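In: here is a sequence together with a model predicted from it:
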Amino acid sequence: SGFLALAREANRPGWWHSFRDVLPDWFSAFVSLEGEAAIIRAYEPHYVPGLLQTPAYARATLRAGQPHAPGEEIERLLTLRMERQTLLRKEKAPLLWVVMDETVLRRPIGGRQVMREQIGRLIEATELPNVRLQIMPFAAGPHPAMYGPFHIFRFQLQEIPDIAYVESLVSGVYFDERDDVSAFLEALDRMCAQAAPAQSTKAILDGMRKEV
């Protein structure tokens, strides 16, 4: 399948292979898919997506997620995350389209200053032509993806199927069967219709930054 071909590609030497000491094999495939995708769509109920995190926010989330990791490992993972972000400013950058739950912006991570900087970074991201952010407000009520976060990757070559990715504490699961991916796509399309439109995101973020 197309996914298996991309997974094999992930095992070839790439820039991220210098991080093999801290990068699990199952996440190497994610970094490879991220780098090859033409469109990256995601739902995030807990954290700002890694591609849009500030260093201080990223460090705080990494420490929370890996409480027993030594400081050097956290810093290596932070460097990897910051390297991944260069993808958004490349000449042929993918479209990043994210629906974030309001919870993400209300959850205090790293302290007030870190959150203010992070919201400022998101405001800057709304100015990028290849980034589309939508906020799912509490007032919107229940929605189709309340079970957890996921990503969907779409590629330039039509023969490569869309791939959905779901992560757990100890692994990542990839789906490339059409029916499976369609379920994720339908849920995300419904959520995009239910969330605040992308045109209003900057104003929402401006308001939230004043509240922090």
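Out: All right, it came through fine.

In: C-alpha only now, for contacts and for neighbours.
Out: Fine.

In: check which helix or strand covers residue 28.
Out: Assigned by DSSP states H and E, residue 28 belongs to helix 25-36.

In: quick one: buried residues of that helix?
Out: 26, 28, 29, 30, 31, 32, 33, 34, 35, 36 (16 or more other Cα atoms under 10 Å).

In: skip ahead from that helix and say which helix or strand is next.
Out: strand 39-44.

In: send me stretch 15-30 as PDB with only the CA atoms.
Out: Extracted in PDB, the C-alpha atoms of stretch 15-30 (Å, rounded to 0.1, in the frame of the first residue of the first chain):
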ATOM      1  CA  TRP A  15      17.300  14.600   8.900                       C
ATOM      2  CA  TRP A  16      15.400  13.200  11.900                       C
ATOM      3  CA  HIS A  17      17.600  10.000  12.000                       C
ATOM      4  CA  SER A  18      20.100  12.000  14.100                       C
ATOM      5  CA  PHE A  19      17.400  11.900  16.800                       C
ATOM      6  CA  ARG A  20      17.100   8.100  16.800                       C
ATOM      7  CA  ASP A  21      18.200   8.000  20.400                       C
ATOM      8  CA  VAL A  22      15.000   9.800  21.500                       C
ATOM      9  CA  LEU A  23      12.700   9.100  18.600                       C
ATOM     10  CA  PRO A  24      10.500   6.000  18.800                       C
ATOM     11  CA  ASP A  25      10.300   3.900  15.600                       C
ATOM     12  CA  TRP A  26       6.500   4.400  15.500                       C
ATOM     13  CA  PHE A  27       6.900   8.200  15.500                       C
ATOM     14  CA  SER A  28       9.600   8.200  12.800                       C
ATOM     15  CA  ALA A  29       6.800   7.200  10.400                       C
ATOM     16  CA  PHE A  30       4.800  10.200  11.600                       C
END
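
In: kind regards, and thank you for your time.
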